[in-house]
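Colleague: the following block contains a protein sequence and its predicted model.
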Amino acid sequence: MVELIPLKGQTRGEDICEVVVNCLKSKGINTTHLVSVATDGAPSMRGTQKGFVTLLQKSLDRKLLTFHCILHQEALCAQTFPTGCMEVMNHVIQIINKIVAKGLNHRQFCALLDEIDSAYSDLLLHNKVRWLSRGEVLKRFAACVEHVKTFLQSKDLTYPKLEDPDWLEKLYFMVDMTSHLNTLNKSLQGKGSTALQMLEAVLAFERKLTVFARDV
């Protein structure tokens, strides 16, 4: 990685292009060696008239190979779970919000976990912006599900799904799959990985999916 640059103003294609070109010049990087560019596919990046890629190619006066970022593609694919699984996620978020959103409930639940010496001290809130959030939220909820049921019963709150074996089976399936996706996601990040290594990691994960499908 050459540099990570925050954009403090607008994030239009021309703003991004200006920052990137200035960075390359300031680092003394010979742009003749620049042959490709990867983006997240956003309009400001791929717009045909004023997108970053178009403006960068005009600045360099030549065409570049363009790719959709492997990591971003993986994150988008991870959002395509079957409807039944997404309903499980939404139900989990609803229960977590019921406990965490109200200060009294939240404090009492944390006190319960502390009293029984739970491995965890709290539940996690889901954040759609953070790609790894869903897996961590589900993992924590599944680990605390019995304590969650105990707490909800003490509050006379009824969630029949928590006693439904089919629903719980889907919950643990989601925990396993999001854990594997998070492992893949992390392996695609960091320094030193080449595009070939990242592609091999994605292809290996696809082969693992066929094994997972046979085990279901």
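Modeller: Looks like it arrived, so ask away.
Colleague: give me the buried stretch members for the lengthiest helix in the chain, please.
Modeller: What stands out as the longest helix in the chain, according to DSSP state H, is helix 165-187. By neighbour count on 16 or more other Cβ atoms under 10 Å, the buried set for helix 165-187 is 167, 170-171, 173-175, 177-178, 181-182, 184-185, 187. Quick note: C-beta positions are derived from backbone N, CA and C, even for glycine.
Colleague: and it, what does it pack against?
Modeller: helix 70-77, helix 83-100, helix 133-143, helix 195-215 (3 or more Cβ pairs under 8 Å, 6 or more residues apart in numbering; DSSP states H and E).
Colleague: looking at the ones you listed, which is nearest to residue 14?
Modeller: helix 70-77 (21.8 Å; Cβ to Cβ).
Colleague: and that closest one, average pLDDT?
Modeller: The average of the pLDDT scores along helix 70-77 is 61.
Colleague: can you offset everything so residue one is 14?
Modeller: Sounds good: first residue 14 from here, last item helix 83-90.
Colleague: and the pLDDT at residue 104?
Modeller: The predicted local confidence for residue 104 is 91.
Colleague: no, scratch that, I was asking about residue 119
Modeller: 92.
Colleague: between helix 96-113 and the helix or strand where it lies, find me the angle.
Modeller: For residue 119, the host element (DSSP states H and E) is helix 116-128. Helix 116-128 runs at 100 degrees relative to helix 96-113, counting by axes from the mean of the first three to the mean of the last three Cα atoms, to 10 degrees.
Colleague: so what's the gap between helix 116-128 and the chain middle?
Modeller: For helix 116-128, the distance from its own C-alpha centre to the chain's C-alpha centre is 28 Å (Cα atoms, centre = their mean, to the nearest Å).
Colleague: contacts for it?
Modeller: 111-113, 133-136, 157, 160, 163-164, 168 (Cβ atoms under 8 Å, 6 or more residues apart in numbering).
Colleague: list the buried residues for stretch 43-54?
Modeller: Those would be 50-52, for stretch 43-54 by 16+ other Cβ under 10 Å.
Colleague: in TSV: the buried residues of helix 178-200, plus pLDDT and distance to residue 98.
Modeller: Output for those, formatted as TSV (pLDDT from 0 to 100; distance: Cβ to Cβ, whole Å):
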residue	pLDDT	distance to residue 98
180	93	11
183	89	6
184	92	9
186	88	7
187	87	5
188	90	11
190	85	8
191	84	10
194	83	12
195	83	16
197	84	17
198	80	18
200	81	23
